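[1] what would the 3D arrangement of this be:
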Amino acid sequence: MPAAALEVKLKAPNGVNFTAKGTSAHDGPVTSSLEGKKGLSNGIQPSHYSIMIPVLNRLSTELFISQHTYAPKMFQSTGYCIRLLTQSRTGISITQSWNTNNLLSTKVELNDTLASGLKTELLSNFNPAAGNKGQKLNFLFKQNNFHGRVFGDLQASGAVSAVADAVLSHEGFLVGGEVGYDVQKASITKYSAAVGYTTPVYNAAITATNSLSVFTAAYYQKVNAAVEAGAKASWDSKSNSAVGLELAAKYKIDPASFAKAKINNLGIASLAYNTKVNSGLTFGVGGSFDTQKLNEAGHKLGTSFTFEG
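    Take a look at the predicted model:
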């Protein structure tokens, strides 16, 4: 649980969404990121949006997404311009972000563009000091009774791996699986399986992850319009540890506020409160406490602020 979290969301008149995030841990440096996202709709002509980022001058033009008619333009300053180019296609969005690890990320999303129900994501990471940090290609396919995903990962070292998962449903019953594959080694790296049952009021699931070595059973129920409750039990067959138990509940105080509580078999209790102060501000506060050592240090408190405009 972070000691403090701040998130600011803004939307420009031309449709560009900005998100600035900052997180302060209980120890260690503050982490933050700046993100800009442009969603494109049918009929928009090619255009661009630019923001200035103060980075080292050796930043290469790999940073830019560009059509052949729009060559990257560098400003005569200490920074470079990140340019968000639009295209006249429905269901396309471009997101670019920069964080305190000096990692520049670009994500292109095509939603229902190649096929109905198919979302394609292309992600590229770049560090101005170290160069290429890898690319990812993801496919997410959704139909009424089937959800499937494929995540491809090309690392900067040249290693290629993929993870695929799928879920089938029929009259509330669910069955799913996941498999990881290393292309260089031509071997399966992990596999998981799950079964479940869901209704509008409750759902239950049993999963076996980490190559069928960690087993988890979970149950969730919507008690009424204001109360939700859940329980989870987990067991790691490789470590021969005791079964872990968790109980959690959520209470909707009013349309703008809710409170949550959770406790596990080790006596670690978590409490959280969240409220929407107004249309532009959401405030949250929470804490994690060791109920067996209440008179000792080690408890954690955190706050969060989300601004939207």
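[2] can you classify Leu294 as helix, strand or coil?
    Classification of Leu294 using DSSP: H, G, I helix; E, B strand; the rest coil returns coil.
[3] ok, it - contacts?
    For Leu294, the contact set (Cβ atoms under 8 Å, 6 or more residues apart in numbering) is empty. Heads up, the C-betas are built off the backbone N, CA and C, glycines and all.
[4] with Leu114 instead?
    By Cβ under 8 Å, 6+ apart, the neighbours of Leu114 are Thr120.
[5] count the neighbours of Val227 for me.
    Other residues near Val227 come to 12 when the count uses other Cβ atoms under 10 Å.
[6] what kind of secondary structure is the nearest residue to it once chain neighbours are set aside in?
    Of all residues not flanking Val227 in the chain, Tyr251 sits nearest, at 5.7 Å (Cβ to Cβ, 6 or more residues apart in numbering). At Tyr251 the chain is in strand, as set by three-state DSSP.
[7] settle this for me: Tyr251 is touching Ala225, isn't it.
    No - assessed by Cβ atoms under 8 Å, Tyr251 is found out of contact with Ala225, at 10.9 Å.
[8] which of those two has more neighbours?
    Comparing Tyr251 with Ala225 by other Cβ under 10 Å, the one with more neighbours is Tyr251, at 15 against 7.
[9] now stretch 271-280: mean pLDDT?
    Averaged over stretch 271-280, pLDDT sits at 94.
[10] all strands of the stretch 151-300 of the chain, in order?
    Along the stretch 151-300 of the chain, counting by DSSP state E, counting those that start in this stretch, strands occupy 160-170, 173-182, 187-198, 202-209, 214-222, 227-236, 244-254, 257-264, 268-278, 281-290, 300-308.
[11] what's the closest of those to Gly39?
    Smallest distance to Gly39 across the strands of the stretch 151-300 of the chain (Cβ to Cβ): 16.3 Å, for strand 300-308.
[12] could you tell me the angle between the closest one and strand 268-278?
    Orientation check (axes from the mean of the first three to the mean of the last three Cα atoms, to 10 degrees): strand 300-308 against strand 268-278 gives 20 degrees.
[13] can you give me how far stretch 215-229 is from the chain middle?
    23 Å (Cα atoms, centre = their mean, to the nearest Å).
[14] which one of the strands of the stretch 151-300 of the chain has the poorest average confidence?
    strand 300-308 (a mean of 90).
[15] so Leu10 sits right up against Gly309, yeah?
    Yes - counting by Cβ under 8 Å, Leu10 touches Gly309, with 5.0 Å between them.
[16] higher neighbour count, those two?
    Between Leu10 and Gly309, counted using other Cβ under 10 Å, Leu10 has the larger neighbour count: 14 against 10.
[17] burial measure for Leu40, as a count.
    A count of nearby residues for Leu40, using other Cβ under 10 Å, gives 23.
[18] and what of Gly267?
    Gly267: 12 surrounding residues under other Cβ under 10 Å.
[19] how close does it sit to Gly230?
    Taken as Cβ to Cβ, to the nearest Å, the spacing of Gly267 relative to Gly230 amounts to 19 Å.
[20] of all the strands of the stretch 151-300 of the chain, which one is nearest Asn99?
    Of all the strands of the stretch 151-300 of the chain, strand 300-308 comes closest under Cβ to Cβ, at 17.9 Å.
[21] what comes up buried for that closest one?
    If you call a residue buried by 16 or more other Cβ atoms under 10 Å, then strand 300-308 has these buried ones: Gly302, Ser304, Thr306.
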